[in-house]
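K.L.:
Turn this into a structure:
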Amino acid sequence: MELAQTEAGLLLLGLLFLFLGLGIWIGLALALVGLAGIVVLPMLIPAMPTFPAEKVMGTAIWQSLASWTLAALPLFIWMGEILFRTRLSEDMFRGLAPWVQRLPGRLMHVNVIGCGIFAAVSGSSAATAATIGKMSLPALKQRGYHQPMAIGSLAGAGTLGLLIPPSIVMIVYGVAAEVSIVRLFIAGVLPGIMLMVLFSGYIAVWSLMNPKLTPEADPPMPFMKKVRESGQLIPVVLLIAFVMGSIYLGWATATEAAVFGVIGALALSAWGGSLSWKSFTDSLMGAVRLSCMINLILAGAAFLTQAMAYSGIPAAMAAWVGAQGFSPYMIIACLTVIYLILGCFIDGISMIVLTVSVVLPIIQSTGFDLVWFGIFIVLVVEMAQITPPVGFNLFVLQGLTGKGIFEVTRCTLPFFVLLVVGVAIVTVFPAIVTWLPQTALAR
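P.N.:
Residues are numbered from 1 along each chain as shown. Here you go, the predicted model:
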């Protein structure tokens, strides 16, 4: 039977790569592979059990999409779409610039802090890099800042859109792995701050080592003028604090907090004068398109997961890994390499839904916390965002700068290394991830 399961797993994997290579939508490709696992494999391998395909598909898709928790996904996406169409990026650069003038590296810290703030709005890595980059890259170039460092810091900090809550990828993982999204959101706070410190720390050290590549600081600005320059930014920060605070303090679920976020985003957009019927419909349709794409992937992945579960492939793989005597750290190292390879070819959401049914039994057998593993996956997906040839942040920066993809990749290499360091830190010190949700939800 184990041989049959191995053959089945290899056949399904080969079929999936064939479908993806043919350009079939990922959600449909996953569903077709699941259908092959239920219908075709028992014909080819007599030892495989048979199940009614229509009942398995209907049950799997309904269970994956009929979720109150999943309702937070389109709402958080809509919140980000609304604020994406405001003057947030311009206000952010003008509001943050006066406060970082005295730091080593000066205005390049705006990329890190600005991406950290917008990450808490959008939940998307590419949107974070694009929004902040539209304003910061021309401004930094005009002031004579070192372009490779400006591009690299934006690419690295843009990945914070996946980690700092509310995160679309966290919602997808939470639904797929049946893990509390509230716990995941809270768990992402400290690792997100840790990465911001690593990025800004590297910028500061690089600036001190290369003083000639950092322009002189602007003239000092009085404190009250700094506050006035940040005036348009403060309401957005307060909205983020309210949305996340309502989750952290237990006042609202993730879905209810998302509703507050949408209402607050609409109010801020109206107050800033950027809310029109066109911007409203554009933001709504943008959220609908992205949500439908993600839901199609989730539905296809749910059917494939059920098909693989019935075949016994995940359990067999977990048993095989356990029999090899691999240490937990060795398993994490292997998974990191596997996810990086997958990230060269498919997007982060597809990576998660594609692998979670196989990987979770292995993780549970080694005793890792599933919330911690969710943050680990997000960090590895962040690394995949800046690895060619399908690193979405690289495409965004290529479009913003007009430079070649491999030149942009070279600029981002130091920040890729910092992400590797971040993964190592949370692996060796898992309390960075688990302490805050345990403390916040213990009350």
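
K.L.:
in the chain, which helix or strand is least confident?
P.N.:
helix 313-324 (a mean of 62; mean pLDDT, DSSP states H and E).

K.L.:
what residues are up against the closest residue to Ile132 other than its chain neighbours?
P.N.:
Leaving aside its chain neighbours, Ile132 sits nearest to Gly114 (4.5 Å; criterion: CB to CB, 6 or more residues apart in numbering). C-beta: built from backbone N, CA, C; applies to glycine. Listed by CB atoms under 8 Å, 6 or more residues apart in numbering, the contact set of Gly114 reads Ser89, Met92, Phe93, Leu96, Ile132, Ser136, Ala157.

K.L.:
what separates stretch 262-272 from the chain centre, distance-wise?
P.N.:
Averaging C-alpha positions (CA atoms, centre = their mean, to the nearest Å) puts stretch 262-272 25 Å from its chain's average.

K.L.:
Stretch 352-359 now?
P.N.:
On CA atoms, centre = their mean, the centre of stretch 352-359 falls 16 Å from the chain's centre.

K.L.:
Pull out the buried positions in that stretch.
P.N.:
Across stretch 352-359, burial judged by 16 or more other CB atoms under 10 Å covers Ile352, Val353, Leu354, Thr355, Val356, Ser357, Val358, Val359.

K.L.:
would CSV of the residues you listed with pLDDT be doable?
P.N.:
Formatted as CSV, these follow (pLDDT from 0 to 100):
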residue, pLDDT
Ile352, 80
Val353, 75
Leu354, 74
Thr355, 77
Val356, 79
Ser357, 72
Val358, 75
Val359, 82
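
K.L.:
from those residues, which ones fall inside helices?
P.N.:
Among the buried residues of stretch 352-359, DSSP state H puts Ile352, Val353, Leu354, Thr355, Val356, Ser357, Val358, Val359 in helices.

K.L.:
Quickly note the distance from the last one to Leu13.
P.N.:
I take that to be Val359. Between Val359 and Leu13 the computed distance is 14 Å (CB to CB, to the nearest Å).

K.L.:
just checking, Leu233 touches Met92?
P.N.:
Yes: with contact defined as CB atoms under 8 Å, Leu233 counts as touching Met92 (5.8 Å).

K.L.:
who touches both of the two?
P.N.:
In contact with both Leu233 and Met92: Ile117, using CB under 8 Å, 6+ apart.

K.L.:
higher neighbour count, those two?
P.N.:
Higher neighbour count among Leu233 and Met92: Met92, with 25 against 18, using other CB atoms under 10 Å.

K.L.:
And the next helix or strand past the host helix or strand of the more buried one?
P.N.:
Element membership for Met92 (DSSP states H and E) is helix 88-100. Counting by DSSP H and E, the next helix or strand C-terminal to helix 88-100 is helix 109-122.

K.L.:
and that following helix, what's its mean pLDDT?
P.N.:
For helix 109-122, the mean per-residue pLDDT is 82.

K.L.:
hmm, back to that, most neighbours of all the contacts of Gly114, which one?
P.N.:
Busiest of these [other CB under 10 Å] is Ala157, holding 33 neighbours.

K.L.:
For it, give me its contacts.
P.N.:
Ala157 neighbours (CB under 8 Å, 6+ apart): Asn111, Val112, Gly114, Cys115, Gly116, Thr128, Ala129, Ile132, Met196, Phe199, Phe415.

K.L.:
Secondary structure class of it, three-state.
P.N.:
Here Ala157 is helix, with the state taken from DSSP: H, G, I helix; E, B strand; the rest coil.

K.L.:
Need the nearest residue in space to it, chain neighbours excluded.
P.N.:
Cys115 (3.7 Å).

K.L.:
Tell me, how many residues neighbour that neighbour?
P.N.:
31.

K.L.:
Leu298 against Gly174, yeah?
P.N.:
No: using CB under 8 Å, Leu298 is not in contact with Gly174; the gap is 11.3 Å.

K.L.:
JSON lines for the contacts of Ala157, including distance to Val421?
P.N.:
JSON lines is the format used below for the contacts of Ala157 (distance: CB to CB, whole Å):
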{"residue": "Asn111", "distance to Val421": "19"}
{"residue": "Val112", "distance to Val421": "15"}
{"residue": "Gly114", "distance to Val421": "22"}
{"residue": "Cys115", "distance to Val421": "18"}
{"residue": "Gly116", "distance to Val421": "18"}
{"residue": "Thr128", "distance to Val421": "21"}
{"residue": "Ala129", "distance to Val421": "20"}
{"residue": "Ile132", "distance to Val421": "23"}
{"residue": "Met196", "distance to Val421": "13"}
{"residue": "Phe199", "distance to Val421": "11"}
{"residue": "Phe415", "distance to Val421": "10"}
